[in-house]
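Chemist: Provide a 3D model corresponding to the input given below.
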Amino acid sequence: MAKKKLLIYAHYYIPDTASTGQILRELAEGMLDKFDITVICVVPSYLGTIEDKYKTQKYYEEEINGVKVLRIRVPEFSKTNKKSRVKNIVSYFFGAMGATFKVGKQDYVFSISQPPILGGLLGVWGKWVKHAKYIYNIQDFNPEQVLAVGYSKSKLITDAMMWFDKFSCKRSDLIITVGRDLVETVEGRFKGKKVPKTVMINNWIDENEIYPLESDNERVVAFKKKYGLDGKFVIMYSGNIGLYYDLENLLKVVGKFGAGTKTADGREVVFAFVGAGSVLKILEDYVTEHHMENVVFIPYQDKADLIYSLNAGDVHWCVNAKGIKGVSCPSKYYGLASAARPVIGVLESGSEIRCIIEDTKGGLCCEPGEYDKVEENIRWFIDNAGSEELKAMGARSRENLEKNLTRNVSVQKYAEEILKL
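Modeler: A predicted model of the protein is given here:
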């Protein structure tokens with residue numbers, strides 16, 4: 001029997017390091033036994049620059065691990081220049097619309113909520129051009145995310161965004177989203193009337209790529225030495241140091257634990273921030289100004305080295321700002337669980353990741369903005385450093401992940417739901 005054809009619109013795809021590109025790669029490669037898959041994406045350009053070999057044609061075709069990839073040339077951009085970013089995104093959108101005519105007959109089209117609003121509209125376009133079934137994978141809800149962090153003050157713009165994204169939802173044959181609270185957001189948008197068919201499938205991690213290592217693993221030891229973490233109790237934040245995490249206020253809480261704070265087992269406490277993002281400079285300036293000697297900033301780690309940096313943390317933050325519940329799901333949690341690390345959660349009640357942490361007793365959680373409670377939870381981890389309870393928290397998270405949150409489990413669910421249509 002010939003395999004059904006599936007077209008995926010992905011803004012970024014490997015070798016770009018965008019997290020959605022990573023997920024779509026694992027999804028596409030994991031479903032090749034059931035579908036013949038084509039991906040429409042941009043030429044590698046996640047950081048803004050483009051190699052010369054991708055600057056001459058309008059389209060580039062290649063095959064990566066059995067997946068056909070059709071790339072669109074887009075202009076270079078600077079992450080700090082809004083205009084150049086918009087131009088880059090818009091040229092992907094129109095380029096992808098054109099590329100749709102180049103990929104032949106398709107049975108299914110699949111798009112994600114990136115770039116915001118346009119990702120959904122591309123799926124509607126693909127459905128219409130290809131007379132195919134349309135699956136809309138919502139990783140983040142917009143305009144809800146824009147509203148939650150006050151990124152746009154214009155009601156006209158956010159209302160238009162909402163109209164278009166609801167249009168994409170209505171036109172879909174299936175919405176797949178990544179958390180219980182995100183399913184509620186779809187229901188809320190349609191006030192319970194004529195709600196499009198929606199299922200929840202968790203994001204995942206490849207549990208064979210990230211796993212717990214012994215504390216004397218030489219690469220972990222080398223990482224700790226390099227950044228002055230050896231022999232210390234490391235409370236780590238790893239990931240995007242950006243807008244949606246309230247990190248500036250959390251840093252003020254960290255300031256209450258002065259240099260020289262020690263754990264129950266005699267180690268010095270150090271707070272490590274690993275990554276980059278729009279808020280990094282603000283945090284660095286604050287730390288310098290307040291002479292916070294027990295805070296270190298560590299550059300973004302390559303995906304291949306992530307296992308060593310995650311294992312270097314004794315406890316990890318998993319945080320979101322207020323208003324992100326039902327809007328997006330911090331996928332960094334899967335890496336922490338995979339490395340069997342206990343979690344300091346600053347997440348809204350009823351949000352998917354907080355539910356998982358509470359169900360597995362994998363850490364301590366409180367609401368965003370409850371800074372006294374954050375301080376109390378940090379204090380608890382310092383007082384219980386090196387205890388069996390901390391180990392058990394991490395072990396429970398890993399065990400649950402192996403059962404329910406692996407790549408194979410989630411990818412199988414995607415394939416089943418698509419084939420049911």
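Chemist: alpha carbons only for contacts and neighbour counts from here, please
Modeler: Fine.
Chemist: what's the local residue count around Lys303?
Modeler: Lys303: 10 surrounding residues under other CA atoms under 10 Å.
Chemist: same question for Gln412.
Modeler: 14.
Chemist: same check on Val186?
Modeler: 23.
Chemist: now it: closest residue in space that isn't a chain neighbour?
Modeler: Val195 (7.3 Å; CA to CA, 6 or more residues apart in numbering).
Chemist: tell me the contacts of that neighbour?
Modeler: The contact partners of Val195, by CA atoms under 8 Å, 6 or more residues apart in numbering, come to Lys170, Val186, Glu187.
Chemist: how about Asp230?
Modeler: Residues near Asp230 by CA under 8 Å, 6+ apart: Val221, Lys224.
Chemist: for it, give me phi and psi.
Modeler: Dihedral pair for Asp230: phi -70, psi 140, per degrees, to the nearest 10.
Chemist: ok, now how distant is it from Leu390?
Modeler: Asp230 is 19 Å from Leu390, where distance means CA to CA, to the nearest Å.
Chemist: burial count for the residue nearest to Asp383 when sequence neighbours are not counted?
Modeler: Nearest non-adjacent residue to Asp383, counting by CA to CA, 6+ apart: Ala264, 5.1 Å away. When counting by other CA under 10 Å, one arrives at 13 neighbours for Ala264.
Chemist: identify the residues contacting stretch 87-104?
Modeler: Contacts of stretch 87-104 (CA under 8 Å, 6+ apart): 9, 11, 38, 40-42, 59, 70, 72-77, 115, 118-119, 122, 125-126, 129.
Chemist: now do the host helix or strand of Val39: which elements does it pack against?
Modeler: Under the criterion of DSSP states H and E, Val39 resides in strand 35-42. Applying 3 or more CA pairs under 8 Å, 6 or more residues apart in numbering; DSSP states H and E, we find strand 35-42 packed against strand 4-9, strand 67-72, helix 82-99.
Chemist: helix or strand right after the longest one?
Modeler: When you say that, I think you mean helix 82-99. Using DSSP H and E, the helix or strand that follows helix 82-99 towards the C-terminus is strand 108-112.
Chemist: returning to what we had before: which one of the helices and strands packed on strand 35-42 lies nearest to Lys332?
Modeler: Among those, strand 4-9 comes nearest to Lys332, with 23.2 Å by CA to CA.
Chemist: for the record, mean pLDDT for that closest one?
Modeler: Strand 4-9 shows a mean pLDDT of 98.
Chemist: what angle do that strand and strand 67-72 make?
Modeler: For strand 4-9 against strand 67-72, the angle by axes from the mean of the first three to the mean of the last three CA atoms, to 10 degrees is 40 degrees.
Chemist: run through who's touching stretch 234-250.
Modeler: Contacts of stretch 234-250 (CA under 8 Å, 6+ apart): 149, 269-280, 282-283, 300, 310, 312-321, 324, 332, 371.
Chemist: try 6 Å this time
Modeler: 270-280, 313-317, 319-321 (CA atoms under 6 Å, 6 or more residues apart in numbering).
Chemist: cool, stretch 378-397 as well?
Modeler: The contact list for stretch 378-397, computed with CA under 6 Å, 6+ apart, reads Thr263, Ala264, Ala337, Ala340, Arg341, Pro342, Gly362.
Chemist: tell me who's in contact with the fifth one.
Modeler: The neighbours of Arg341, taking CA under 6 Å, 6+ apart as the test, are Val315, Gly394.
Chemist: confirm it sits in a helix?
Modeler: No. Arg341: not assigned to a helix; according to DSSP: H, G, I helix; E, B strand; the rest coil it is coil.
Chemist: now do it against Asp230, distance only.
Modeler: The gap separating Arg341 from Asp230 is 17 Å, by CA to CA.
Chemist: ditto for the third one
Modeler: The span separating Ala337 from Asp230 equals 22 Å under the rule CA to CA.
Chemist: host element of Lys281?
Modeler: Secondary structure from DSSP H and E places Lys281 in helix 280-289.
Chemist: pLDDT of that helix, averaged?
Modeler: For helix 280-289, the mean per-residue pLDDT is 97.
Chemist: could you identify the helix or strand that succeeds it?
Modeler: Going down the chain from helix 280-289, the next helix or strand is strand 295-298, by DSSP H and E.
Chemist: report how many residues lie close to Tyr59.
Modeler: So Tyr59, with other CA under 10 Å, has 20 neighbours.
Chemist: residues in contact with it?
Modeler: Tyr59 neighbours (CA under 6 Å, 6+ apart): Arg71, Ile72.
Chemist: mind checking pLDDT for Thr20?
Modeler: At Thr20, the model reports a pLDDT of 86.
Chemist: that one looks like it's in a helix, true?
Modeler: Yes. Applying three-state DSSP, one finds Thr20 inside a helix.
Chemist: excluding chain neighbours, what is closest to it?
Modeler: Tyr12 (7.4 Å).
Chemist: separation between Lys153 and Pro143?
Modeler: 11 Å.
Chemist: the more surrounded of the two?
Modeler: For Lys153 versus Pro143, neighbours defined as other CA under 10 Å are more numerous around Pro143 (22 against 10).
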